[in-house]
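*Asks:* 3D, please:
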Amino acid sequence: MSAVNPQEELGELIRRSRDAKGWSIRHTAQVVGVDHTWLSRVERGLREPDDEVLVRLAVALERDVAELLAARGDLPPIDVYLRARYGVPPDQAAFLQANLEWLIEHRAGLIDKSADDSSRRPPRPSDGDR
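*Replies:* Numbers count the residues shown, from 1 in each chain. Below you'll find the model as predicted:
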């Protein structure tokens, strides 16, 4: 039976992943750090995990975070991913998030500048440099 909405699709993917590992819902909940009744509701499409729990589920179930996010229909902020997946401290994760946002905002200008720079010939060494 195919999932009707993103919550159900995500829950189905989590359940299949858990079953493939041979884990009970209680064991999975314990590994992820959530209540087993809450996880059961997620698997049935009645609840939706927040970004941090979703990343912890992906790590525990050895799934690509992007796959779970795609099933849910969105992407988490990078700082949430960095904290959950790699244990990056919140202040450093926020710093990285801000830098990423700046790069995204300015990428067109950076690409244009790079293209302009690549069309120029590198300077020739002067006689004194040889």
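*Asks:* how many neighbours does the closest residue to residue 18 other than its chain neighbours have?
*Replies:* Setting aside the residues directly before and after it, residue 18 is nearest to residue 28 in space (CB to CB, 6 or more residues apart in numbering), at 4.9 Å. Bear in mind the C-beta positions are built from the backbone N, C-alpha and C, glycine included. Using other CB atoms under 10 Å, residue 28 is surrounded by 22 other residues.
*Asks:* was I right to think residue 28 contacts residue 59?
*Replies:* No - counting by CB atoms under 8 Å, no contact exists between residue 28 and residue 59, whose distance comes to 11.8 Å.
*Asks:* which residues are contacting the helix or strand harbouring residue 56?
*Replies:* For residue 56, the element it lies in under DSSP states H and E is helix 51-60. Counting contacts by CB atoms under 8 Å, 6 or more residues apart in numbering, the residues outside helix 51-60 that touch it are 14, 28, 31-34, 49, 63-65, 67-69, 72, 76-77, 80-81, 83-85.
*Asks:* can you flag which of these belong to strands?
*Replies:* Of the positions in these, not one sits in strands, assigned by DSSP state E.
*Asks:* among these, name the buried ones.
*Replies:* Among the contacts of helix 51-60, those scoring as buried are 14, 28, 31-32, 34, 49, 63, 65, 68-69, 72, 76, 80-81, 83-84 (criterion: 16 or more other CB atoms under 10 Å).
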